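Enquirer: next one to model:
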Amino acid sequence: MLLLLLLVLLISSPLITFSLNQEGLYLQQIKLTFDDPDGVFSNWDYRDSTPCNWRGISCIPSTNSVNSVNLPSSNIFGPFPSLLCNLPSLTSLSLSNNSINSTLPLDLSTCRNLEYLDLSQNLLTGPLPYTLSDLPNLTYLDLTGNNFSGYIPSSFGTFRQLQVLSLVENLIDGQIPAVLGNITTLKQLNLSYNPFFPGRIPPELGNLTNLEVLWLTDCNLIGEIPHSLGRLTRLLDLDLALNNLVGSIPISVTELSSVVQIELYNNSLTGALPVVGWSNMTSLRLLDASMNQLSGTIPDGLCELPLESLNLYENQFEGSLPVSIANSLNLYELRLFGNRLTGELPKDLGKNSPLLWIDVSSNQFSGEIPASLCDKGVLEEFLLVYNSFSGSIPAKLSECESLTRVRLGYNNFSGEVPAGFWGLPHVSLLELVGNSFSGEIGKTIAGAANLSALILSKNRFSGNIPEELGWLDNLVEFSGGVNQFTGSLPASIVNLGQLGRLDLHSNELSGELPSGIYSLKKLNELNLADNEFSGNIPEEIGSMFVLNYLDLSGNRFKGKIPLGLQNLKLNQFNVSNNRLSGDIPPLYATDIYKNSFIGNPGLCGDIDGLCDGRAEAKNLVYVWLLRSIFMLAGFVFIVGLVWFYWKYRSFKKAESVIEKSKWTLMSFHKLGFSEFEILDSLDEDNVIGTGSSGKVYKVILSNGEAVAVKKLWGSSKMAENDGDVEKGQVKDDGFKAEVETLEYAYTLRVNEKSDIYSFGVVILELVTGRLPVDPEFGEKDLVRWVCGTLDQKGIDHVLDPKLDLCFKEEICKVLNIGLLCTSPLPLNRPSMRRVVKMLQEIGCENQLKIANKDGIFSPYYYEDTSDQGSVA
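Expert: Residues are numbered from 1 along each chain as shown. So this is what the prediction gives:
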C-alpha cells in the first residue's frame with residue numbers, strides 16, 4: 001500500500017509529469033500487487049510513453065491500446081488483478097502456471113471484449129464465477145489445475161461463442177449439468193479428474209455436434225454410455241476411462257466416423273464388443289477398453305482397421321486373435337494379457353507392423369512364436385508368460401537388438417536357445433522359467449551388457465555356467481534352480497557387485513565355493529541347496545551383512561560352521577544334510593533352528609535330539625560334576641561359617657575401605673562429584689525403585705544436585721527375577737522418568753535381554769551426550785540415530801564433543817558395547833556378565849591413562865563380584 005500511495009503521489013504531483021498513458025498507469029498499479037522474484041516486470045518502466053514494449057504486453061498498432069496480457073510461467077505471486085478489466089481493448093489474458101492465489105472475482109465479467117482466458121495451473125479457490133457466461137465474445141476458457149470447488153454454474157449453459165471449456169483437475173463436485181449440452185459452439189469439453197457426485201453422462205451432450213474432444217476421465221460416472229454420443233460425428237477423442245460405467249458398449253459408438261482415439265479402460269463394462277459397424281470408423285487408431293468385464297470374441301472388423309494401438313487386457317475375451325491384425329501397417333502396441341484367448345498368433349504378426357510392445361500373457365495361446373515379430377527391428381517388449389506356446393525360439397529373434405524385456409516363462413518351449421539370443425545388448429530381463437529348454441548358457445552372454453535379471457529356473461539347461469556370466473556388471477538376479485548344471489561356480493561370479501539373488505538349487509554343481517565371495521556385498525539371497533558342493537563353508541560369508549536367506553543344505557560341506565554367521569540377520573538359514581562337524585554357533589544352538597542342522601552326524605549343540613549319543617555321555621559327566629560340586633560346597637560351607645565369625649568384626653571396620661578399593665575407575669565425562677559421595681549413599685533408605693536388573697538409588701550430592709544411580713544385580717539375582725514384570729514403586733516422582741529410562745529403555749517386555757538393551761541405551765546416552773528421544777532425530781530413537789549417523793557421517797558426528805579425545809579409542813570400544821547391547825535381535829545381545837567383562841577389559845588396558853588424569857574426571861564404577869554397580 002505504501003508503494004501504491006507513493007505512485008499516486010508521484011502521478012498527481014504538480015512538479016513532476018510523466019508521459020505514460022492511462023493504460024500503462026493501470027499496469028503499473030497491477031505490478032505492485034504481485035511478488036516478482038524473477039524480475040518479470042523489470043522492464044515495465046513508468047518513463048515509457050506506452051506499455052506496448054513491456055514484457056508480456058501486446059497492443060493494437062494503430063491505437064497503442066493494450067489487447068493482450070501474456071505472462072505464463074512467470075513465477076509471480078498474488079491475487080487476481082481485477083484492474084485488468086479497465087483495459088477496454090483487452091481480448092487475451094494468459095496467466096497460466098503461476099501462483100495466483102485468490103478467488104476469481106465476479107466483476108471479471110466487465111472484461112467485455114475478452115475472447116481468450118487462460119488461468120490454468122494456479123492456486124485459485126472458491127466457486128466458479130457464474131458471471132463468466134456474461135462475456136459475450138469468450139471462445140476459450142481454461143481453468144485447469146486450480147482448487148475451484150462447488151458446482152458448475154447452470155449459467156454456463158448460456159455461453160454464446162465458447163469453443164473450449166477445460167476444468168480439469170479441480171475440486172468441483174455436484175453432477176455434470178445437462179445444460180452444457182446447450183453450448184453448441186463447443187469443440188472441446190474437458191472435465192476430467194474432478195470429485196463429482198456419482199452421476200450419469202448427460203444424454204444432452206449428444207447435441208454438441210461440433211465437439212472434437214470429450215474428456216470425462218475419473219468423473220465418478222455411473223450408468224451406461226448414452227446412445228446419443230453416436231451423434232458426435234466430428235469427435236476425434238473420446239475418453240471415459242476410470243469411472244464406474246456399466247452395461248455394454250453401444251453400437252452407436254461405431255457411428256463416430258471421425259474418432260481417432262477411444263479410452264474406456266478401468267470401468268465395469270460388460271458384454272461383447274459391437275460385431276458390425278467398425279468399417280465406419282476408418283479414422284480409429286487407438287482403442288483401449290482394458291480392465292473391464294468385456295467378453296465374447298475380438299471382432300474381425302476391428303482388427304481390419306489401420307490400428308496403431310490395441311489394448312484389451314484384463315477382460316474375458318475368448319476365441320482366437322483375428323489374422324487381419326497382422327495387416328495393420330502402423331500397429332506398434334498390442335496388449336491382450338489376462339483374457340481367455342486361444343489358438344495361435346498370426347504367423348505374419350510384425351511383418352508389416354513396427355511392433356514395439358506385445359504382451360499376450362495369461363491366456364491360452366498355443367503354437368510357435370511368429371518369426372516375423374521383429375521384422376521392423378524395433379520390438380522392445382516381448383511377453384508371452386503363462387500360455388501353452390511350444391517349439392523353440394526362432395533364430396531370427398536373436399538378431400532383434402532392440403529388445404529390452406523378454407518373458408517366455410511357464411509355457412511348453414523346448415530346444416536350445418539361439419546363441420545370439422543370449423547376448424542381446426539391450427535386454428534387461430530374460431525370463432525363461434518353467435519350460436523345457438536345454439543346452440548350455442552361451443558364452444555370447446558376455447554381450448548382454450544391460451542384463452539385470454536372468455531367470456532360467458525349472459528347465460533342462462546343462463553344462464558349466466560360463467565364466468562370461470561374471471562380466472555382467474548390471475546383473476541383480478541369477479535364478480537357475482532345478483536344472484542340470486554341472487561343474488563348479490565360475491570364479492568370475494564374485495565380480496557381480498550388483499548381485500542381490502543367486503539361486504542355483506537342485507542342480508549338479510560341485511567343487512568349493514569361490515574365494516572372494518564376500519565381494520558380493522549386495523547379495524540378499526544365496527540358495528545352493530541340493531547340489532554337490534564340498535569343502536568348508538567360507539568364514540567370509542559372515543561379512544555379507546545384507547544376506548538374509550542362506551540355504552546350503554543337501555551338499556557335501558565339511559568342517560565347522562563359521563562363527564561369523566552369527567553376524568547375519570537371517571530369515572532363512574539351512575545347512576542340513578551335509579558333513580559338518582563341531583559345535584553349532586551359540587546364536588543358532590536353539591530348538592527353533594533344529595531343522596537347519598539335521599543330517600550332519602558330526603555336528604552337535606544344545607539342541608535335543610541332534611546328537612543323542614554324545615548327549616548321554618555329557619549327562620554322565622554332568623551327574624559326576626554335580627555330585628562333586630555338592631560335596632565341595634558342603635565342606636566350604638562348614639569352613640566358611642567358622643571363618644565368617646572370626647572375620648566379622650574386622651570386616652565391618654574395613655568395609656568402606658574395601659568397598660572403595662575394589663571399584664575400577666573409568667570415565668569419559670567431566671563430572672562434578674566424586675565416587676565416594678556415590679558409595680556413601682548406596683543404602684536402603686535411598687532406594688526409589690527396584691527391578692529385574694537391579695536397584696535405583698536417589699543420591700543427593702554435596703552441591704545439592706540429585707542424581708539417579710542404578711546398581712545392577714549379579715547373575716544369580718538376575719536369574720531369580722528373569723522374565724518378571726518390573727516390581728516395586730518409584731518413591732520420588734521427580735525420578736520417575738529416570739527410573740523408567742533405566743528399567744524399560746524402549747521396550748515394555750522386561751527380562752534379562754531387555755535390561756541389557758536399556759543398559760545399552762544408557763551407554764549410548766553417555767557416549768553421545770544425547771537423550772533417548774530428541775526432536776533432532778525425527779521419527780527415529782537414539783539407537784537408530786546412532787546407527788544411521790555412523791553409516792552416513794562417521795564416528796566423529798556421534799561422539800559427545802565434551803568427551804576427552806585422548807580416550808577416543810576407549811570411547812569407541814564403549815560405543816561398540818552399547819551397540820551390541822541394543823542389537824534388534826535379543827539373541828545377539830551379550831549377557832550382563834559379558835558386558836561387565838568387556839568394560840573391565842577396556843579399563844584394564846587404560847589404567848595408566850586414567851591414573852594420570854589427576855582426578856579431574858569422576859569415574860564410572862564396576863566390580864567383579866556378584867553385585868555390579870553403575871553410576872548414571
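Enquirer: drop to CA atoms for contacts and neighbour counts, all remaining ones
Expert: OK.
Enquirer: what packs against whichever strand or helix holds Lys837?
Expert: If you go by DSSP states H and E, Lys837 is part of helix 832-845. Packing contacts for helix 832-845, counted by 3 or more C-alpha pairs under 8 Å, 6 or more residues apart in numbering; DSSP states H and E, involve helix 808-821.
Enquirer: helices or strands up against the helix it packs on?
Expert: Taking 3+ C-alpha pairs under 8 Å, 6+ apart as the contact cut, helix 808-821 packs with helix 752-768, helix 832-845.
Enquirer: after the first one, which helix or strand is next?
Expert: The reference is to helix 752-768. With DSSP H and E, the next secondary element past helix 752-768 is helix 782-792.
Enquirer: how close does Ile262 get to Asn64?
Expert: The gap separating Ile262 from Asn64 is 47 Å, by C-alpha to C-alpha, to the nearest Å.
Enquirer: looking at the helices and strands packed on helix 808-821, which is buried most?
Expert: Most buried of those, by mean neighbour count (mean count of other C-alpha atoms under 10 Å): helix 752-768, with a mean of 24.
Enquirer: render the CA-only coordinates of that helix in PDB, please.
Expert: Taking C-alpha atoms only, helix 752-768 is exported to PDB below (Å, rounded to 0.1, in the frame of the first residue of the first chain):
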ATOM      1  CA  GLU A 752      17.400 -60.100  31.000                       C
ATOM      2  CA  LYS A 753      17.700 -59.100  27.400                       C
ATOM      3  CA  SER A 754      15.600 -56.000  27.700                       C
ATOM      4  CA  ASP A 755      17.700 -55.000  30.700                       C
ATOM      5  CA  ILE A 756      20.800 -55.400  28.500                       C
ATOM      6  CA  TYR A 757      19.000 -53.200  25.900                       C
ATOM      7  CA  SER A 758      18.200 -50.500  28.500                       C
ATOM      8  CA  PHE A 759      21.800 -50.600  29.700                       C
ATOM      9  CA  GLY A 760      23.000 -50.200  26.100                       C
ATOM     10  CA  VAL A 761      20.700 -47.200  25.700                       C
ATOM     11  CA  VAL A 762      22.300 -45.600  28.800                       C
ATOM     12  CA  ILE A 763      25.800 -46.300  27.400                       C
ATOM     13  CA  LEU A 764      24.700 -44.600  24.100                       C
ATOM     14  CA  GLU A 765      23.400 -41.600  26.100                       C
ATOM     15  CA  LEU A 766      26.700 -41.200  27.900                       C
ATOM     16  CA  VAL A 767      28.900 -41.500  24.800                       C
ATOM     17  CA  THR A 768      26.700 -39.300  22.600                       C
END
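Enquirer: how about the helix holding Lys837 as PDB, C-alpha atoms only?
Expert: Extracted in PDB, the C-alpha atoms of helix 832-845 (Å, rounded to 0.1, in the frame of the first residue of the first chain):
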ATOM      1  CA  MET A 832      25.300 -58.600  31.600                       C
ATOM      2  CA  ARG A 833      28.300 -60.600  32.900                       C
ATOM      3  CA  ARG A 834      29.900 -60.400  29.400                       C
ATOM      4  CA  VAL A 835      29.200 -56.600  29.300                       C
ATOM      5  CA  VAL A 836      30.900 -56.100  32.600                       C
ATOM      6  CA  LYS A 837      33.800 -58.200  31.500                       C
ATOM      7  CA  MET A 838      34.200 -56.100  28.300                       C
ATOM      8  CA  LEU A 839      34.100 -52.900  30.200                       C
ATOM      9  CA  GLN A 840      36.700 -54.300  32.700                       C
ATOM     10  CA  GLU A 841      39.000 -55.200  29.800                       C
ATOM     11  CA  ILE A 842      38.800 -51.600  28.400                       C
ATOM     12  CA  GLY A 843      39.500 -50.300  31.900                       C
ATOM     13  CA  CYS A 844      42.500 -52.600  32.500                       C
ATOM     14  CA  GLU A 845      44.100 -51.600  29.200                       C
END
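Enquirer: okay, angle between it and helix 808-821 too, please.
Expert: For helix 832-845 against helix 808-821, the angle by axes from the mean of the first three to the mean of the last three C-alpha atoms, to 10 degrees is 180 degrees.
Enquirer: off-centre distance for helix 832-845?
Expert: 41 Å (C-alpha atoms, centre = their mean, to the nearest Å).
Enquirer: follow-up on the earlier one: with distance to Gly247 as added columns, please give the helices and strands packed on helix 808-821 in JSON lines.
Expert: Compiled in JSON lines, these are given as follows (distance: least, C-alpha to C-alpha, whole Å):
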{"stretch": "helix 752-768", "distance to Gly247": "61"}
{"stretch": "helix 832-845", "distance to Gly247": "71"}
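Enquirer: and Ile584, backbone torsions?
Expert: With angles defined as degrees, to the nearest 10, Ile584 sits at phi -80, psi 140.
Enquirer: pull the number of nearby residues for the closest residue in space to Trp785 that isn't next to it in sequence.
Expert: Excluding its sequence neighbours, the residue lying closest to Trp785 (C-alpha to C-alpha, 6 or more residues apart in numbering) is Phe777, at 6.2 Å. The number of residues packed near Phe777 is 13, by other C-alpha atoms under 10 Å.
Enquirer: Phe777 and Thr789, how far apart?
Expert: 10 Å.
Enquirer: put the alpha carbons of stretch 184-201 into CSV.
Expert: What follows is stretch 184-201, C-alpha atoms only, in CSV (Å, rounded to 0.1, in the frame of the first residue of the first chain):
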residue,chain,number,x,y,z
THR,A,184,-23.5,-25.9,-29.4
THR,A,185,-20.3,-24.0,-30.4
LEU,A,186,-18.2,-26.2,-28.1
LYS,A,187,-15.2,-28.1,-29.7
GLN,A,188,-13.5,-29.2,-26.5
LEU,A,189,-15.2,-30.2,-23.2
ASN,A,190,-12.6,-31.3,-20.6
LEU,A,191,-13.9,-32.0,-17.1
SER,A,192,-11.6,-34.9,-16.1
TYR,A,193,-10.2,-35.6,-12.6
ASN,A,194,-12.8,-33.8,-10.5
PRO,A,195,-14.6,-35.3,-7.5
PHE,A,196,-18.1,-35.1,-9.0
PHE,A,197,-21.0,-36.8,-7.2
PRO,A,198,-22.0,-40.1,-8.8
GLY,A,199,-24.0,-39.3,-11.8
ARG,A,200,-24.7,-40.3,-15.4
ILE,A,201,-23.3,-38.9,-18.6
